[in-house]
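J.: Based on what follows, work out the 3D shape:
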Amino acid sequence: MEKVLVDKVAIITGANQGFGLEVARKYLAAGAHLMLCARNGVLLEEVRAELSNSATSGQQVLAMAVDVSVEAEVQELVSTTARELGGYHILVNNAGVYGPKGNIEDVDWAAWIKAIEINVLGSVLMCRATLPHFKAQGYGKVIQLSGGGATNPMPRISAYAVSKAAIVRFAETLAEEVRGTGIDVNAIAPGALNTRMLDEILEAGPEKVGKDFFERAVKQRDSGGVPLGRGADLALFLASPASDGITGKLISAVWDNWEQWPSHLDVLSTSDLYTLRRIAGRDRGFDVGDK
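T.: Modelled structure (predicted):
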């Protein structure tokens with residue numbers, strides 16, 4: 001693999017399994033130093049040891065058990081990264097949970113709130129903590145994990161759907177706040193992945209997640225889902241200099257030809273392509289009384 005991240009430091013949340021771990025592997029192979037975090041410290045240490053064994057001479061792989069919804073833990077993570085690795089250049093906000101499953105009036109309210117805290121507030125806290133350093137060095141890459149909930153309703157998995165839409169809008173908003181500072185902020189949809197989150201849906205059953213959604217999950221399990229590597233390749237692209245200037249976008253790893261985007265920066269930077277927007281009747285050719 002081309003060493004496009006040599007001398008770069010990446011902070012990756014939710015990095016002890018699934019997609020976050022696959023991104024960590026890609027970044028390590030591309031030459032980056034890593035700070036990994038997740039709530040499960042035991043599993044995280046196993047991953048740190050595995051990746052350290054794959055590191056080249058001089059590459060560092062550190063790890064901290066962190067709950068990204070707790071501000072003090074986030075601050076400690078970021079300050080430790082700066083102290084031990086000399087700074088940071090890339091933030092991957094991958095940590096996330098589905099939250100409770102079922103009709104909104106039936107689910108555990110505390111669990112619903114906790115999902116919002118991890119998925120939304122955790123991402124915001126990580127950005128708040130890292131942005132001063134990004135701004136001071138005039139460079140930074142923020143990569144936010146989205147998913148199907150951002151662009152489609154997800155009945156009976158409402159906390160997840162709400163959180164994914166929220167973090168995409170936050171990514172768009174933050175991209176505008178930091179425009180011109182050398183910081184790019186994007187959200188990625190990695191596709192339907194066969195990870196522990198799929199296992200949760202299958203374990204919950206059709207009575208909690210709905211018959212249609214459950215049946216889609218079974219088909220996804222049986223087909224193998226989207227390879228983790230496709231979304232991780234997109235995360236690598238967005239962390240690399242090749243993506244400089246691409247910002248404020250929601251990008252599908254599967255359906256968008258993002259590899260070609262560096263040749264289309266003018267169009268991407270002056271349009272609302274690949275963003276969340278309202279659809280009016282006129283946009284679909286329907287006459288419903290629009291002015």
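J.: where in the chain is pLDDT low?
T.: 191-194, 225, 290-291 (pLDDT under 70).
J.: The longest helix anywhere in it: what's the following helix or strand?
T.: Determined from DSSP state H, the single longest helix within the chain is helix 158-177. Tracing the chain C-terminally past helix 158-177 and defining elements by DSSP states H and E, one meets strand 183-189 next.
J.: I'd like to know which elements that next one is packed against.
T.: Judged by 3 or more C-beta pairs under 8 Å, 6 or more residues apart in numbering; DSSP states H and E, strand 183-189 is in contact with helix 122-137, strand 140-145, helix 158-177, helix 228-239, strand 250-252. Where C-beta positions appear, they are placed from N, C-alpha and C, glycine not excepted.
J.: Show me which of these has the highest average neighbour count.
T.: Most buried of those by mean neighbour count (mean count of other C-beta atoms under 10 Å) is strand 140-145; its value is a mean of 26.
J.: Between strand 183-189 and the longest helix of the chain, find me the angle.
T.: In terms of direction (axes from the mean of the first three to the mean of the last three C-alpha atoms, to 10 degrees), helix 158-177 departs from strand 183-189 by 150 degrees.
J.: how many neighbours does Ser263 have?
T.: The burial count assigned to Ser263 is 9, neighbours taken as other C-beta atoms under 10 Å.
J.: Which residues does the longest helix of the chain contact?
T.: Contact with helix 158-177 is made by 93, 96-100, 104, 107, 111-112, 115-116, 119-120, 123-124, 127, 142, 144-154, 184-187, 247-248, 250, 275-276, as judged by C-beta atoms under 8 Å, 6 or more residues apart in numbering.
J.: Now, of those residues, which are buried?
T.: Buried subset of the contacts of helix 158-177 (neighbour count, 16 or more other C-beta atoms under 10 Å): 93, 96-100, 107, 112, 115-116, 119-120, 123-124, 127, 142, 144-150, 154, 184-187, 247-248, 250.
J.: before we move on, the earlier item: same list (the helices and strands packed on strand 183-189) but as TSV, adding distance to Glu2.
T.: Formatted as TSV, the helices and strands packed on strand 183-189 follow (distance: least, C-beta to C-beta, whole Å):
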stretch	distance to Glu2
helix 122-137	23
strand 140-145	17
helix 158-177	26
helix 228-239	10
strand 250-252	20
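J.: Look up phi and psi at the nearest residue to Ala129 once chain neighbours are set aside.
T.: With C-beta to C-beta, 6 or more residues apart in numbering as the criterion, Ala129 has its nearest non-adjacent residue at 4.3 Å, and that residue is Val78. For Val78, the backbone dihedrals (degrees, to the nearest 10) come out as phi -70, psi -40.
J.: Tell me, how many residues neighbour Val78?
T.: By the measure other C-beta under 10 Å, the count of residues near Val78 is 22.
J.: show me what contacts it?
T.: By C-beta under 8 Å, 6+ apart, the residues touching Val78 are Ile11, Tyr88, Met126, Ala129, Thr130, His133.
J.: and which of those is nearest to Thr270?
T.: Thr130 (27.5 Å; C-beta to C-beta).
J.: Look at Leu62 and give its secondary structure.
T.: Applying DSSP: H, G, I helix; E, B strand; the rest coil to Leu62 yields a three-state assignment of strand.
J.: no, scratch that, I was asking about Leu91
T.: Taking three-state DSSP, the label given to Leu91 is strand.
J.: I figured it was touching Gly140, is that so?
T.: Yes. With contact defined as C-beta atoms under 8 Å, Leu91 counts as touching Gly140 (7.3 Å).
J.: what's the overlap in contacts for these two?
T.: Contacts common to Leu91 and Gly140, judged by C-beta under 8 Å, 6+ apart, are Thr130.
J.: Tell me which of the helices and strands packed on strand 183-189 lies nearest to Glu203.
T.: helix 158-177 (15.2 Å).
J.: Leu250 contacts Ser146, doesn't it?
T.: Yes. If you go by C-beta under 8 Å, Leu250 and Ser146 touch, sitting 5.9 Å apart.
J.: Please name the spatially closest residue to Phe134 (chain neighbours excluded).
T.: Sequence neighbours aside, Gly140 is the residue nearest to Phe134 in space, at 2.9 Å (criterion: C-beta to C-beta, 6+ apart).
J.: got the contact list for that neighbour?
T.: Applying C-beta under 8 Å, 6+ apart, we find Gly140 in contact with His89, Ile90, Leu91, Thr130, Leu131, His133, Phe134, Val178, Thr181, Gly182, Ile183, Asp184.
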